[in-house]
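[1] what's the 3D shape of this:
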Amino acid sequence: MARRAADSGRVGAVRLGFAVAGGVIGAVAILTATSAAVLTAVMARRVITPPRKQPRVVQIRGVDASAAVPTVTLARDADAVLPGRYGLWFDAERGHARLGEIVDESATTVARELLGVDSGELRAGIRGRLSGWFFLGPDDLGYPYEDVVVPTANGPAPAWLVPAAEASDRWVIQVHGRATRRQEALRAVPVFRDAGYTSLLISYRNDGDGPPSLDGRYALGDTEWEDVDAAIDFAHARGATSVVLMGWSMGGAIALQTATRSDRQIDGVVLESPVIDWADVVAYQGASVGLPAPVASGAMHLLGSGWSGRLTGQDAPIDFARLDFVERAGELDVPILLMHSDDDGFVPSTGSRQLAERRPDIVTFVPFREARHTKLWNYDPQKWNGAIRGWLRQRV
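    Residues are numbered from 1 along each chain as shown. Okay, here's the model as predicted:
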């Protein structure tokens, strides 16, 4: 009887142990699932919400403006070591400087030529960010231009119109990327102008210049294309008979949506560091900050669900299948010039390469190796301008 009682006690203890362990595991599973759900909702919301601030990740270690060759010394990182000319935003975006080539470097720092300070007080000890924006406005280019307004469904969208050197009915409409503005595309104006194209640099819904949509959220190209469509109408009203679209980053996704959903004539598309497949980009971004793969895929599922607005603030779900131009490659029917760096660092070149492989009949692919995201002109302007110039020559 004593042994049975002892055995019974041990069995009870074991069962209790399993019950406790099961409870702990269940609690952990619930907490893990809850954390994953929260991360998924946060990531989904972040993907479509226009950021109020840009991350300042570059440390400014020193400034020598009085030297024979003025310099700025930066902490060494993937952007700081790139050859070429770049913009440097600092002082919470209130300051902007233009940087030239590297003049000295060490294991921890990079000294670059300081070409000029456009605004703000550039000093050591603060943080900033390197940008492909080298020009801040069309004034910097030295060409005549107009401030114009494109009527869109959400309201008037300001734009810059830079006429060709001689009267021309060929236009290029520049579509900037996510979390940037039309200044991004100023780098492309000279090469198009030299080729006889009038440039229209547009704003679109929720970009900070264009009118907001009702929900104030990006649709990643799924609705923004309508503003490009309105810009094509504007161009036609001003005498354009041939229109090329150029899209930068998310602007590439917008341009491709326009090319496949508009009933206007589009004669070609130029893509710089474009988003070809959002699944690829969201997965890459999630992995870059250490998030589990299911969080990224869950974020896309959430954004594509009809009930997602309660968590993300969006008015309508995003049709990601419609945004996937690896799978929709067969539907494209316009000539495309596609330029992308394999060391993009933000939008992987995988989708661009896959599109080029699937449609070699219409896609001219020009790869770069270490130019980083939307910095191809900055890194190698001769190659970049040459690619556009040669491609346009084939269109005439």
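[2] the domain parsing of this structure - what is it?
    Domain assignment for the chain by automatic domain parsing gives 58-131, 138-395.
[3] Compare those domains and report which one is nearest to R46.
    domain 138-395 (8.5 Å; C-beta to C-beta). From N, CA and C alone the C-beta is placed, and that goes for glycine too.
[4] mean confidence score for that closest one?
    Mean pLDDT, computed over domain 138-395, is 97.
[5] ok, back up a step: out of the domains of the chain, which is the most enclosed?
    domain 138-395 (a mean of 20; mean count of other C-beta atoms under 10 Å).
[6] Quick one: closest of the domains of the chain to T49.
    When the domains of the chain are compared by C-beta to C-beta, domain 138-395 sits nearest T49, at 6.2 Å.
[7] start to end distance for the closest one?
    Start-to-end span of domain 138-395 (C-alpha to C-alpha, to the nearest Å) is 26 Å.
[8] quick revisit: the domains of the chain: which one's closest to I48?
    I48 sits nearest to domain 138-395 of all the domains of the chain, at 4.5 Å, using C-beta to C-beta.
[9] quick one: that closest one to chain centroid distance?
    Taking C-alpha atoms, centre = their mean, to the nearest Å, one finds the center of domain 138-395 at 9 Å from the center of the full chain.
[10] Distance to A44 for the domains of the chain - can I get that in CSV?
    Formatted as CSV, the domains of the chain follow (distance: least, C-beta to C-beta, whole Å):
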stretch, distance to A44
domain 58-131, 25
domain 138-395, 4
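[11] P51 is nearest to which of the ones you listed?
    P51 lies closest to domain 138-395 among those, at 5.3 Å (C-beta to C-beta).
[12] Would you map the strands across the chain?
    58-64, 71-75, 86-90, 95-105, 109-119, 127-131, 146-152, 155-162, 170-175, 198-202, 242-248, 268-272, 336-341, 363-368 (DSSP state E).
[13] And the helices in the stretch 251-396 of the chain?
    Ranges of helices in the stretch 251-396 of the chain, per DSSP state H, counting those that start in this stretch, are 278-288, 293-303, 309-312, 350-358, 376-379, 381-395.
[14] before we move on, back to that, figure out which of the domains of the chain is closest to T40.
    Closest among those, once you apply C-beta to C-beta, is domain 138-395, at 3.9 Å.
[15] and S199, bridged to which residues?
    S199 has these beta-bridge partners by DSSP bridges: V162, V172.
[16] check contacts around the nearest residue to A36 once chain neighbours are set aside.
    In space, and not counting its chain neighbours, A36 is closest to V295: 6.2 Å by C-beta to C-beta, 6 or more residues apart in numbering. Shown in contact with V295 (C-beta atoms under 8 Å, 6 or more residues apart in numbering): 36, 39-40, 43, 286.
[17] Please indicate which of the residues you listed are buried?
    Buried members of those, scored by 16 or more other C-beta atoms under 10 Å, are 39-40, 43, 286.
[18] Pick the one among those residues closest to D209.
    M43 (26.4 Å).
[19] so that closest one makes contact with A296?
    Yes: M43 is within contact range of A296, at 6.8 Å (criterion: C-beta atoms under 8 Å).
[20] residues shared between the contacts of those two?
    282, 286.
[21] so A296 makes contact with V281?
    No: at 9.4 Å, A296 does not count as touching V281 under the criterion of C-beta under 8 Å.
[22] do you know how far the residue nearest the centre of the chain is from E113?
    Taking C-alpha atoms, centre = their mean, the centroid of the chain lies closest to S249, which sits 4.0 Å from it. Taking C-beta to C-beta, to the nearest Å as the measure, S249 falls 27 Å from E113.
[23] try V175
    31 Å.
[24] ditto for G132
    According to C-beta to C-beta, G132 and E113 sit 17 Å apart.
[25] Retrieve the pLDDT associated with R56.
    Listed pLDDT for R56 reads 79.
[26] That one contacts L130, correct?
    No: using C-beta under 8 Å as the test, R56 is too far from L130 to be in contact (10.4 Å).
[27] just to revisit the earlier point, save the strands of the chain as JSON lines, and put in distance to S352 too.
    Formatted as JSON lines, these follow (distance: least, C-beta to C-beta, whole Å):
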{"stretch": "strand 58-64", "distance to S352": "27"}
{"stretch": "strand 71-75", "distance to S352": "29"}
{"stretch": "strand 86-90", "distance to S352": "22"}
{"stretch": "strand 95-105", "distance to S352": "27"}
{"stretch": "strand 109-119", "distance to S352": "28"}
{"stretch": "strand 127-131", "distance to S352": "22"}
{"stretch": "strand 146-152", "distance to S352": "28"}
{"stretch": "strand 155-162", "distance to S352": "27"}
{"stretch": "strand 170-175", "distance to S352": "16"}
{"stretch": "strand 198-202", "distance to S352": "23"}
{"stretch": "strand 242-248", "distance to S352": "12"}
{"stretch": "strand 268-272", "distance to S352": "7"}
{"stretch": "strand 336-341", "distance to S352": "4"}
{"stretch": "strand 363-368", "distance to S352": "7"}
